[in-house]
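>>> Build the 3D model from these lines:
(4 chains, ligands or ions: 4)
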2 protein chains.
Amino acid sequence: MIPGEYLKHLKRVGVRLTPQRQEILQVLWERAQAGGQPVNAEEVMKRVRERYPGVSLDTVYRTLATFTRKGIVNELQFKDQSRRYELVIQGEHHHHLVCLRCGFVREIAYCPEDIIKRVRESHTDFKIEEHSFTIYGYCAECRED
Amino acid sequence: MIPGEYLKHLKRVGVRLTPQRQEILQVLWERAQAGGQPVNAEEVMKRVRERYPGVSLDTVYRTLATFTRKGIVNELQFKDQSRRYELVIQGEHHHHLVCLRCGFVREIAYCPEDIIKRVRESHTDFKIEEHSFTIYGYCAECRED
DNA sequence: CAATAAGATAGGAATAATTCCTAACTAGGA
DNA sequence: TCCTAGTTAGGAATTATTCCTATCTTATTG
Ligand SMILES: [Mn+2]
Ligand SMILES: [Mn+2]
Ligand SMILES: [Zn+2]
Ligand SMILES: [Zn+2]
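Numbers count the residues shown, from 1 in each chain, chains lettered A, B, ... in the order given. Ligands and ions are numbered 1, 2, ... in the order given. This is a model prediction of the structure:
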């Protein structure tokens, strides 16, 4: 079951709790439990339809966007054009290592905070909101050499 | 005029030098001269068509992909789904600061090399090929507060 | 507990970016 | 000059995402 903290948070920020939204949250939560491999909208839709067969892809996209805006979901944009989503874990921040062939994702704990701090200080006219840092390569199964 | 180093390089790696390709290179070069604002394929096409009216968008995409594979072009993927391209300057490496509203791009010289090195050492089964690091926010014209 | 309204939904259509397809062309080596 | 593997144009196809709108539903209020 989804930890109440997410529901509470959504309530607090004035987001309506529809069954569809709760189910989408549930899917993301299960994904996070199962190793943290981010999901794309299509996959979320499939999983949600197991319980709510009518859910539209648009609803999934809208919900993921809402959750992202409200800070409980992380929208990842990879260089193969794919967008994938993951639940934000309270007080956690990480980046990713992505296989260019199979798309497998691993998390890396490091973040270039020092650089971000330096940029914030040197580009004071620019209001920094977020950042993305991703390392690409080939995983053990996909590397050839 | 395009510096011969690019043409020489393309020749060396066995890429055919068609007029279309040379013109695409020229456009990228002029862009780099004019401040380094990366371009998308559509824009490249428009510029190339000024001299070669028949050039297809597909050719532009294919050529940009070829140039990227050959290391003379950098393909940037931003979180708004847009892809933009820039000429690689010999021996240079940098990252970007992007405005979430108008899309304006500034270059930042810093690179999280230390982190990449650490990841390379700790994830020896993963063969690192490349990385992307982008900071998002609002530029002076677009920030509201 | 019922009425209400702001916000959310389904589903189909639209848009945008990118890639595929194929017949015709051409750069560059022999 | 000839030959051919690689490249092109242009239209079609694909994919991901967003738009549209009539119809619901959540959550508040009376
Ligand atoms: Mn993650
Ligand atoms: Mn740049
Ligand atoms: Zn970070
Ligand atoms: Zn770097």
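>>> from here on, contacts and neighbour counts on C-alpha atoms
Noted.
>>> residues in chain A within reach of chain B, list them.
Residues of chain A found near chain B (Cα under 8 Å from any Cα of the partner chain) are A:76-79, A:81, A:108, A:110-112, A:115-116, A:119, A:125-140, A:143.
>>> Going by neighbour count, which of those residues are buried?
Neighbour-count burial (16 or more other Cα atoms under 10 Å in any protein chain shown) applied to the residues of chain A next to chain B gives A:76-79, A:108, A:110-112, A:115-116, A:119, A:126-128, A:131-139.
>>> now check the helix ranked longest in chain A, is it near DNA strand D?
Counting residues, the longest helix found in chain A (DSSP state H) is helix A:19-33. Yes. Contact of helix A:19-33 with DNA strand D (Cα under 7 Å from any atom of the strand) involves A:Pro19.
>>> and that helix, what does it pack onto?
Counting contacts by 3 or more Cα pairs under 8 Å, 6 or more residues apart in numbering or on different chains; DSSP states H and E, helix A:19-33 is packed against helix A:41-49, helix A:57-69, strand A:83-87.
>>> ok, residues contacting that helix?
In this structure, residues lying in contact with helix A:19-33 by Cα atoms under 8 Å, 6 or more residues apart in numbering or on different chains are A:1-2, A:37-39, A:44, A:47-48, A:52, A:55, A:60, A:63, A:85-87.
>>> Ok, stretch A:125-136 next?
Outside stretch A:125-136, the residues touching it (Cα under 8 Å, 6+ apart) are A:95-100, A:111, A:120, B:116, B:128-140, B:143.
>>> picking up where we left off before, tell me the buried residues in the longest helix of chain A?
Neighbour count says helix A:19-33 has A:Gln20, A:Arg21, A:Gln22, A:Glu23, A:Ile24, A:Leu25, A:Gln26, A:Val27, A:Leu28, A:Trp29, A:Arg31, A:Ala32 buried, by 16+ other Cα under 10 Å.
>>> Same list, the residues you listed, but as CSV with distance to A:Phe67 and pLDDT please.
Output for the buried residues of helix A:19-33, formatted as CSV (distance: Cα to Cα, whole Å; pLDDT from 0 to 100):
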residue, distance to A:Phe67, pLDDT
A:Gln20, 13, 96
A:Arg21, 9, 96
A:Gln22, 11, 96
A:Glu23, 13, 96
A:Ile24, 10, 96
A:Leu25, 9, 96
A:Gln26, 13, 96
A:Val27, 13, 96
A:Leu28, 11, 96
A:Trp29, 13, 96
A:Arg31, 16, 95
A:Ala32, 15, 95
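>>> mind putting those in a markdown table, distance to B:Arg16 included?
Output for the buried residues of helix A:19-33, formatted as a markdown table (distance: Cα to Cα, whole Å):
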| residue | distance to B:Arg16 |
| --- | --- |
| A:Gln20 | 54 |
| A:Arg21 | 53 |
| A:Gln22 | 55 |
| A:Glu23 | 53 |
| A:Ile24 | 50 |
| A:Leu25 | 51 |
| A:Gln26 | 53 |
| A:Val27 | 49 |
| A:Leu28 | 48 |
| A:Trp29 | 51 |
| A:Arg31 | 47 |
| A:Ala32 | 48 |
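>>> Report the angle between the longest helix of chain A and strand A:83-87.
Calculated by axes from the mean of the first three to the mean of the last three Cα atoms, to 10 degrees, helix A:19-33 forms an angle of 90 degrees with strand A:83-87.
>>> Compute the inter-axis angle for helix A:19-33 and helix A:57-69.
Helix A:19-33 runs at 60 degrees relative to helix A:57-69, counting by the same axes, to 10 degrees.
>>> tell me how far helix A:19-33 is from the chain's mean position?
Averaging C-alpha positions (Cα atoms, centre = their mean, to the nearest Å) puts helix A:19-33 12 Å from its chain's average.
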